[in-house]
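A.B. asks: this is a predicted model, with the sequence first.
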Amino acid sequence: MASSASSMRSVNSGLDSSLFDLYYEELFSHLSSTGDSSQISQKFMALQTDIEKTDFLMKVPFVREFEVTSKAGTKCAEKAVRYREEGNKLFQADKATEAVLFYNKSISYCPHPSHEDYQQGLHHEKEQFKEVQFVDEISEKEKAKRIPSKYEALSLSYANRSAALRRLAQFEECLKDISRAAQFGYPKENLYKLWERKGKCYQGLKRYDLSAKCYRQALQCIKESTLSDIQKAAKSSEIQGLLKELRNILLKIGGSTNSTKDGESGIQTSVEEERPPVPERQHRKHSKMSRGGSEPDPGLSTATSQVSISHISTSGSIRSDIEVPELSYGPNCRLPSASLGIDLQFSPDKGRFFVATKDLSPGDVILKEEPYAAVLETVFRVNHCANCLKKTSTPIPCFECATVQYCSEFCRDEGWTNYHKFECGILAYLEPSQYLGRLPHLALRIVTKTGLQNLVRHTQKLLPGPTGETKNDPLYMDPASYSSVHNLATNTDKRTFEDMLKKTAEAVFMSKCLKFNGFFGSPINFSVEQQRAQIFVSSLILRHLQTAATNGLEMAECLLKNNDITKFDIIPIGGAIFPTMSFFNHSCYPNAMRLGYQNQQLVRVVRRIPKGAEVNIDYGFDFYATPMDVRHKKAMANYHFRCGCVACTHKWPVYDRLIELPPQYRRKMTTELAREVEIQNSNYQIAMEHLIRLDINKALPIFSDYLTSMSELVVHPDVRYLDCEEAFKQCLWLENRGYKVIKDKRPRI
């Protein structure tokens, strides 16, 4: 695992600690034994730059000798088999949903082809990755030398999960797993099961032409199965029955059919959908049934290469499952993620902050941004994509580790290429930790995603000024550029010795992990130049540990149980760095809110904001749910500021105390005002009924009108106004999420 691991394991050996915790305790013990702690503290805090701090720690003998020598959280065949067997028991007990969870674990632990194998076309496993070959196409010599695929365990787990998914009527996901099972060497003698299952999926999707073709492939594959002659005859008869059932369906719907050699029917409208959109992998040979090369056997004209058992359709990009609203008023020319409705200003006491350049209305989209770097909470890695953060019930694993999962091959490959090849097998060394905060590897992700060459190139352009801040072009900010992340505030001068020492130790530890994974080139015979690069990158990790602590934002998703609006919740699933969004200041009574859309975040207005007013969000705490003293402690501990918003300045009470107070109005109560209040309250009730029925499109404009009209009438804080704001926020979260309107079951009068 690492040098000096035995001595470190003796420290707190009874605790379930991460390697980092053991390393940090050993470091702290070593520093304490070498001199007066106050002298060490003074010497360390006197260092001016992050490079000086990391270099100081690198020279400590224990740190200098410490090396990571192996990966953690890697594949384990024994665990894979155990989880698959547990899944089988649940499947046999008719608990398909629970079975899928165990198959997911099995798949994550199964030995898997490496990324290099994929790049080379898996030529060493080509016999297992070819399309279907029939018995009469295989020579006796080939039969004799055939051996099981070394990834057969993976193919079996995918096949078993596909069976559970078909039972759950998740046909599209089932089809993908069938293809994966075939790709990873599913036993040839059982391939008829996959073809039959694939046919049933297409039948469930009402793609009857493809269903018929798959059933015919199953009939052919039965010939090379290990079934007895009686079993083969019985299975063939069963599949012929499925073909007959398809023919009867086609006769009932009156679809256009064409005759085939078998006397069956098929529709020819969607066959092309099964064609792979990309060329065949290099080094792959073609059999007669492959999707290119030789002409198909005339006797199997309806089971051509257009139907593949191992092809997986991919979109080739990350697309959100939901429609994401566009920016209101168009994009800001110098802040591409922001709307023209807002712009940046600066003041010595506030720093950079956003103001409205025009009157903004509830619902306006004023910022739309993808994160520069985003990571998942550990608990959400099992069912969320590590690359795009999409929730997925049928994840696929990393090539080499069992720590992260992905929603698709595209995300897995993109994640590996962009950053994970340097993170693979080292994330488990940071978890669980009693010393590190949440999401300790967000800073690591910034570095791995940027890459060593880009870090050097960008940092050379960012020369520190006299105050420690870096220079940047004030006219344009590209949120996809590393300079926009590097330039975020660190608040180094407000941090304690313990905090800085821990962050520096973490930065050096992560650089040791990166060294092991080849981030600086080969770790063997590490050169002086590589050592300098390691210290340089350690200093950048230290910088980003500080910026992430104060500028990192939660990534969240909404949860609505049983379509019940009273069971609505916002679940934080990870954290991210949004360079432009970081400029929003906090308010305990914010006039805008953040919304999560998979790998994007939006900021939308929640009440009217006049031109010239500051636009703000909350940093995870607000006045009506959190007492003021608690809010101030959080603001100072996490973000190093004392909040001076209107709620704190006027000491507004929390919601539970606010409901005891009568409403107050800015104008003297008159008959006209009373009628206006009555009309708005009635409209509010109507909007709530729409919200309860999830008729978001009808609820949103009514809530918006209420917030706009009543904002000038009530004295804030007002209970009903706050209720409307919260309902409006729920609508914004639920908008375009695919929820169907619940029919009104009340009897009509």
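C.D. replies: It's in.

A.B. asks: with adjacent residues omitted, what lies nearest to Val63?
C.D. replies: Leaving aside its sequence neighbours, Val63 sits nearest to Leu57 (C-beta to C-beta, 6 or more residues apart in numbering; 5.6 Å). To be clear about C-beta, it is placed using only N, CA and C from the backbone, and glycine gets the same treatment.

A.B. asks: confirm that that neighbour sits in a helix.
C.D. replies: Yes: under DSSP: H, G, I helix; E, B strand; the rest coil, Leu57 sits within a helix.

A.B. asks: which other residues reach the helix or strand where Ile40 lies?
C.D. replies: Element membership of Ile40, judged by DSSP states H and E, is helix 37-45. Residues from elsewhere that reach helix 37-45, judged by C-beta atoms under 8 Å, 6 or more residues apart in numbering: 31, 34, 53, 56, 497, 500-501.

A.B. asks: now, which of those sits nearest Val528?
C.D. replies: Phe56 (18.4 Å; C-beta to C-beta).

A.B. asks: contacting residues around that closest one?
C.D. replies: Residues near Phe56 by C-beta under 8 Å, 6+ apart: 43-44, 47, 504.

A.B. asks: now the buried members of those.
C.D. replies: When the contacts of Phe56 are checked for burial by 16 or more other C-beta atoms under 10 Å, the buried set is 44, 504.

A.B. asks: and of the contacts of Phe56, the nearest to Tyr186?
C.D. replies: Thr504 (50.4 Å).

A.B. asks: what's the distance between the closest one and Ser18?
C.D. replies: According to C-beta to C-beta, to the nearest Å, Thr504 stands 17 Å off from Ser18.

A.B. asks: about what we covered before: distance-wise, check the residue nearest to Val63 relative to His441.
C.D. replies: 19 Å.

A.B. asks: of those two, who's got more company?
C.D. replies: Each of Leu57 and His441 has its neighbours counted (other C-beta atoms under 10 Å); His441 has more, 27 against 22.

A.B. asks: what about that one, distance to Thr54?
C.D. replies: His441 sits 17 Å away from Thr54, going by C-beta to C-beta.

A.B. asks: same question, Tyr406
C.D. replies: Tyr406 sits 33 Å away from Thr54, going by C-beta to C-beta.

A.B. asks: neighbour count: these two, which is higher?
C.D. replies: Remark: of Tyr406 and Thr54, Thr54 carries more neighbours, 27 against 24, as counted by other C-beta under 10 Å.

A.B. asks: tell me which residues touch the more buried one, please.
C.D. replies: Thr54 sits in contact with 504, 507-508, 511, 535, 538-539, 542, where contact means C-beta under 8 Å, 6+ apart.

A.B. asks: and if we set it to 7 Å?
C.D. replies: Residues counted as contacts of Thr54 (C-beta atoms under 7 Å, 6 or more residues apart in numbering) are 504, 507-508, 535, 538-539, 542.

A.B. asks: what do you get for Cys385?
C.D. replies: 392, 405-407, 411.

A.B. asks: again, but for Thr357
C.D. replies: 340-343, 611.

A.B. asks: follow-up on the earlier one: chain center to the helix holding Ile40: distance?
C.D. replies: Relative to its chain's centre, helix 37-45 lies at 41 Å (C-alpha atoms, centre = their mean, to the nearest Å).

A.B. asks: could I get the average pLDDT for it?
C.D. replies: What helix 37-45 shows for mean pLDDT is 88.

A.B. asks: next, the buried residues of that helix.
C.D. replies: Within helix 37-45, the residues that count as buried by 16+ other C-beta under 10 Å are 40-41, 44.

A.B. asks: sketch out the helices for the stretch 351-500 of the chain, chain order is fine.
C.D. replies: In the stretch 351-500 of the chain, the helices defined using DSSP state H, counting those that start in this stretch lie at 409-415, 421-423, 442-450, 452-461, 482-486, 497-516.

A.B. asks: skip ahead from the longest one and say which helix or strand is next.
C.D. replies: Right, helix 497-516. Counting by DSSP H and E, the next helix or strand C-terminal to helix 497-516 is helix 528-551.

A.B. asks: okay, now the sheet partners of the next helix or strand along the chain from that next one, with direction.
C.D. replies: The helix or strand immediately downstream of helix 528-551 is strand 553-560, counting by DSSP H and E. Next to strand 553-560 in the sheet, as set by DSSP bridges, lie strand 568-577 (antiparallel).

A.B. asks: can you give me the offset of the partner strand from its chain's centre?
C.D. replies: 11 Å.

A.B. asks: angle of that strand against helix 528-551?
C.D. replies: Interaxial angle, strand 568-577 versus helix 528-551 (axes from the mean of the first three to the mean of the last three C-alpha atoms, to 10 degrees): 150 degrees.

A.B. asks: thank you, goodbye.
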